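Engineer: let me see the structure of the following:
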Amino acid sequence: MADLNSMEKHILKQIADIETVPIGAYNIRENGKGILRQTTANIDIITKTNKPGIDIKIKENTKNESVHIPVILTEGGFNDIVYNDFYIGKNADVVIVAGCGIHNSSCQTAEHDGIHSFFLEEGAHVKYIEKHYGEGDGSGKRILNPETIVHLKKGATLEMETVQIKGVDSTVRTTNAVLAEDSNLVISERIMTHGHQTAKTVFNVDLNGKNSSTHVASRSIAKDNSTQEFISNVNGNAECFGHVECDAIIMDHAKVISTPQIVANCIDASLVHEAAIGKIAGEQLIKLMSLGLTEQEAEEQIINGFLK
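Structural biologist: Here you go, the predicted structure:
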């Protein structure tokens, strides 16, 4: 990536694990503009003409290919809104890597609002990875508000892995999903907040098809004076299975709110929710400190293990 400077490369490494031009299709966006793009025989990327964003079209039966669509913001006083739509063909099996990194050294807010819509045809499988990261020594805030819209046809599967562990002052993440027969949605969320940061996630899942299923798992750590809120609404509208779990470690003067809701609208719906909030157990710290770690090192090891 000879056209990118060291700061841009550093951000891409954090959010997309890119150090060189990735294999496969990619679209790299910086400060509201596409700067690098590549397509393949099976994956096309088309710029929208009616609003900012792209259409990613993946042919049916595409296997073992990937798409990288990271976003970089390096300017304060900028609100980047983008609409990306993913059309995944029948029986395709691909990996999509997204995410946004903000470097803000100004006194003005830098914000990215990404609206991603997924349309998976029958039997399609997607692993979707989205990482958010913030840095910069300016007083301007770094704000990320992602929205994900999911439509799964018969037998389709979407695995979502979302990560936000550093530098984002405020985020509201919303996911709305509709599942057809035999489809499956798996969501894994990891969040860490500190200072006065706020993070809110809302998951709405409609299990409309017979034998549809979802597993939503959130793990978070709230430090200092930060605030986190987790809301999930899983609606069982057919013979289906849904499992929601939210585990949070609270530290210092932080605040965590968890509201998992399950609604069975069918006698054959099987739904489970779990929520746990607590501090790091003293016996865990003592055990690690007895092995020679300082209290801070022990806390860091526990946190890293919890967020894996």
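Engineer: contacts and neighbour counts: CA atoms only from here.
Structural biologist: Fine.
Engineer: span of stretch 188-200 from start to end?
Structural biologist: End-to-end distance for stretch 188-200: 15 Å, by Cα to Cα, to the nearest Å.
Engineer: what's the answer for stretch 40-48, then?
Structural biologist: Chord length of stretch 40-48, first to last residue, is 18 Å (Cα to Cα).
Engineer: list the buried ones in that stretch?
Structural biologist: 42, 43, 44, 45 (16 or more other Cα atoms under 10 Å).
Engineer: can you give me how far that stretch is from the chain middle?
Structural biologist: 23 Å (Cα atoms, centre = their mean, to the nearest Å).
Engineer: which other residues reach that stretch?
Structural biologist: Contacting residues not belonging to stretch 40-48 are listed as 24-25, 27, 38-39, 53-59, 62 [Cα atoms under 8 Å, 6 or more residues apart in numbering].
Engineer: for PyMOL, what selects the buried ones among those?
Structural biologist: Applied in PyMOL, the following selects the buried portion of the contacts of stretch 40-48 according to 16+ other Cα under 10 Å:
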select buried, resi 24+25+27+38+53+54+55+56+57+58+59+62
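Engineer: mind checking which of the buried residues of stretch 40-48 are in strands?
Structural biologist: If you go by DSSP state E, those have 43, 44, 45 in strands.
Engineer: which one of the residues you listed is nearest to residue 13?
Structural biologist: When these are compared for distance to residue 13 (Cα to Cα), residue 45 wins out at 22.2 Å.
Engineer: quick check: bridge partners of that closest one?
Structural biologist: Here residue 45 sits in beta bridges with residue 56, going by DSSP bridges.
Engineer: helices along the stretch 1-150 of the chain, start to end?
Structural biologist: Using DSSP state H, counting those that start in this stretch, the helices of the stretch 1-150 of the chain run over 6-16.
Engineer: err, the stretch 201-308 of the chain, not the other one
Structural biologist: Using DSSP H, counting those that start in this stretch, helices in the stretch 201-308 of the chain cover 282-289, 295-306.
Engineer: which one of those helices lies nearest to residue 90?
Structural biologist: So among the helices of the stretch 201-308 of the chain, helix 295-306 is nearest, using Cα to Cα, at 36.3 Å.
Engineer: the closest one - what's its average pLDDT?
Structural biologist: The average pLDDT within helix 295-306 is 87.
Engineer: and what of stretch 27-43?
Structural biologist: Mean predicted lDDT for stretch 27-43 stands at 94.
Engineer: cool, stretch 73-81 as well?
Structural biologist: The average of the pLDDT scores along stretch 73-81 is 93.
Engineer: any residues touching stretch 51-62, and which ones?
Structural biologist: With contacts defined as Cα under 8 Å, 6+ apart, stretch 51-62 is touched by 42-48, 81-94.
Engineer: actually stretch 182-194, not the one I wrote
Structural biologist: 152-166, 168, 179, 199, 209-228, 307.
Engineer: are any of those residues buried, and which?
Structural biologist: 152-165, 168, 179, 199, 209-228, 307.
Engineer: restricted to strands, list these.
Structural biologist: 152, 157-164, 179, 199, 212-222, 227-228.
Engineer: ok, back up a step: which one of the ones in strands among the buried residues of stretch 40-48 is nearest to residue 240?
Structural biologist: Residue 240 has its nearest neighbour among those in residue 43, at 32.6 Å by Cα to Cα.
Engineer: how near is the closest one to residue 254?
Structural biologist: 44 Å.
Engineer: next one: residue 91
Structural biologist: In terms of Cα to Cα, residue 91 sits 45 Å off from residue 254.
Engineer: what does residue 87 give?
Structural biologist: Counting by Cα to Cα, the gap from residue 87 to residue 254 is 40 Å.
Engineer: about what we covered before: what's the closest of the contacts of stretch 40-48 to residue 131?
Structural biologist: Of all those, residue 131 sits closest to residue 27, with 15.7 Å by Cα to Cα.
Engineer: quick check: closest non-adjacent residue to the closest one.
Structural biologist: Nearest residue to residue 27, sequence neighbours excluded (Cα to Cα, 6 or more residues apart in numbering): residue 37, at 4.4 Å.
Engineer: contacting residues around that neighbour?
Structural biologist: Going by Cα under 8 Å, 6+ apart, residue 37 touches 25, 26, 27, 28.
Engineer: who are the contact partners of the last one?
Structural biologist: Spelled out, that is residue 28. So residue 28 contacts 34, 35, 36, 37, 68, 69, 70, 71, 72 (Cα under 8 Å, 6+ apart).
Engineer: now for the last one: which residues touch it?
Structural biologist: Applying Cα under 8 Å, 6+ apart, one finds that residue 72 lies in contact with 8, 11, 12, 28, 29, 30, 31, 100, 101, 102, 103.
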